[in-house]
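[1] Okay, predicted coordinates and the sequence, questions at the end:
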Amino acid sequence: NVFRATTTAPVNIAVIKYWGKRDATLNLPTNSSLSVTLSQRSLRTVTTASCSPNYPATEGDTLTLNGKPENIQASKRTLACLSSLRALRKELESADPSLPKLSSYPLRVVSENNFPTAAGLASSAAGFAALVRAIADLYELPQSPTELSRIARQGSGSACRSLQGGYVAWRAGVKEDGSDSLAEEIAPASHWPEMRALILVVSAEKKDVPSTTGMQTTVSTSPLFATRAEHIVPRRMTGMEEAITKRDFAAFADLTMRDSNNFHAVCLDSEPPIFYLNDVSRAAIRLVNDINRLAGKTVAAYTFDAGPNAVIYYLDEVSELVGGTFKTILGGELEGWEGPFGDRLKGVS
Ligand code: DP6
């Protein structure tokens, strides 16, 4: 009698970035953020959660990531997710005593990414989203993805945006207990089916400065940061939601690129300065600018997370132009790329 559930969770790439925490324990952000969920054909985590009265209690809960055992006890974030999910299961069991007491059995979680971990490709987002979804399924929890986002957020902030598809906003919230810091889908992927994402793997190495550390440095040392969090981002969130609702690619692209640049500007403004972009990243920025100039309008947008890898958003009608240009000009510089939501330009240069 082993109880088991398997699920997958996609990666999301923010177009308005989360950077900075107002509460590092609860993982509450200083500003709202908005992301596009990538197709699971491209980047995803697959996770199986199981529990059984026969699993030795002495082993406790276990987590295996890409074939390697992880030390759960050393990860407060994982422990926080597991205990929140168990508490919800306990509520169900107290309401209905006929249910099996899954909450009292040790848990085994086995997770695999199909992309490099910690290379600035949002692996923690897909990882924690899949962990929460798999255990919620195992426990047959009735909570909605938005309610579960509160738990995933404690694992990794950006993970709260990976429980839903399409265009997802994470509202920063104002409450101290974080109960209003939740993710909500503002439009499904089908709302804008022409949207494409090209992932340029500039480096698959682990990132220099992990996001959690980088954020803390920025919050405590960057004079520019307050302006970003208080004035720049709130206006951009409104503009971005409007651009998505109207399917206005030029506005979407303009805000995406500006917000990526502003995020990397506050990183540079930190003490010591944080550099995530490298020469190839900067070449990708110039290439997007050239493509837009040659097209006579904005047809492509770049964005970078806490690493040098670029994500290029564009519409299907310019797939050949964007894919062809990157392949010709930067192909030799890249370690690989994934085409429009994983379908095209698959393979390594
Ligand atoms: C630059 O979600 O990895 O990708 O909450 O500390 O785990 P923690 O941080 P994390 O930060 C992601 C930062 C970002 C921007 C974003 O995804 O919004």
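    Here it is on my side, so go on.
[2] switch to C-alpha atoms for all contacts and neighbour counts from now on
    OK.
[3] part of a strand, is Pro273?
    No. With DSSP: H, G, I helix; E, B strand; the rest coil as the criterion, Pro273 is located in coil rather than a strand.
[4] does Pro273 really touch Cys267, like I thought?
    Yes. Contact criterion C-alpha atoms under 8 Å: Pro273 and Cys267 qualify, at 6.1 Å.
[5] between those two, who's got more neighbours?
    Higher neighbour count among Pro273 and Cys267: Cys267, with 26 against 16, using other C-alpha atoms under 10 Å.
[6] what does the model give Gly339 for pLDDT?
    With respect to pLDDT, Gly339 scores 47.
[7] wait, I meant Ser42
    68.
[8] now do Asp208
    pLDDT, read off for Asp208, is 81.
[9] Which of the helices or strands spans it?
    Counting by DSSP states H and E, no helix or strand carries Asp208.
[10] So, low pLDDT: which residues of the protein?
    Counting by pLDDT under 70, the chain contains low-confidence residues at 42, 115-123, 206-207, 336-349.
[11] Write out the residues of it neighbouring the ligand.
    Counting by C-alpha under 6 Å from any ligand atom, the chain comes close to the ligand at 13-14, 17-19, 27, 33, 124, 156-158, 211-212, 305-306.
[12] Could you list which of these belong to helices?
    Ser124, Ser211, Thr212 (DSSP state H).
[13] Out of these, which end up buried?
    Buried members of these, scored by 16 or more other C-alpha atoms under 10 Å, are Ser124, Ser211.
[14] For the closest residue to Thr78 other than its chain neighbours, give me its contacts.
    The spatial neighbour of Thr78 that comes closest, neighbours along the chain excluded (C-alpha to C-alpha, 6 or more residues apart in numbering), is Gly155 at 5.8 Å. Residues near Gly155 by C-alpha atoms under 8 Å, 6 or more residues apart in numbering: Arg77, Thr78, Ala80, Cys81, Phe128.
[15] how about a cut-off of 7 Å?
    Contacts here follow C-alpha atoms under 7 Å, 6 or more residues apart in numbering; on that basis Gly155 touches Arg77, Thr78, Cys81, Phe128.
[16] where do the helices sit along the stretch 1-150 of the chain?
    Counting by DSSP state H, counting those that start in this stretch, the stretch 1-150 of the chain has helices at residues 76-95, 123-138, 145-155.
[17] Now do the SS call for Ile199.
    strand.
[18] Number of residues surrounding Thr64?
    So Thr64, with other C-alpha under 10 Å, has 17 neighbours.
[19] Hmm, I typed the wrong one, I wanted Asp290.
    14.
[20] mind checking how far it is from Leu321?
    11 Å (C-alpha to C-alpha, to the nearest Å).
[21] now swap in Arg282 and tell me
    From Arg282 over to Leu321 (counting by C-alpha to C-alpha), the distance is 19 Å.
[22] repeat for Asn71
    Applying C-alpha to C-alpha, the value for Asn71 to Leu321 is 46 Å.
[23] returning to what we had before: please dump the contacts of Gly155 into JSON lines; it should also carry neighbour count and distance to Gln216 for every row.
    Shown next, in JSON lines, are the contacts of Gly155 (neighbours: other C-alpha atoms under 10 Å; distance: C-alpha to C-alpha, whole Å):
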{"residue": "Arg77", "neighbour count": "20", "distance to Gln216": "16"}
{"residue": "Thr78", "neighbour count": "20", "distance to Gln216": "20"}
{"residue": "Cys81", "neighbour count": "22", "distance to Gln216": "22"}
{"residue": "Phe128", "neighbour count": "30", "distance to Gln216": "21"}
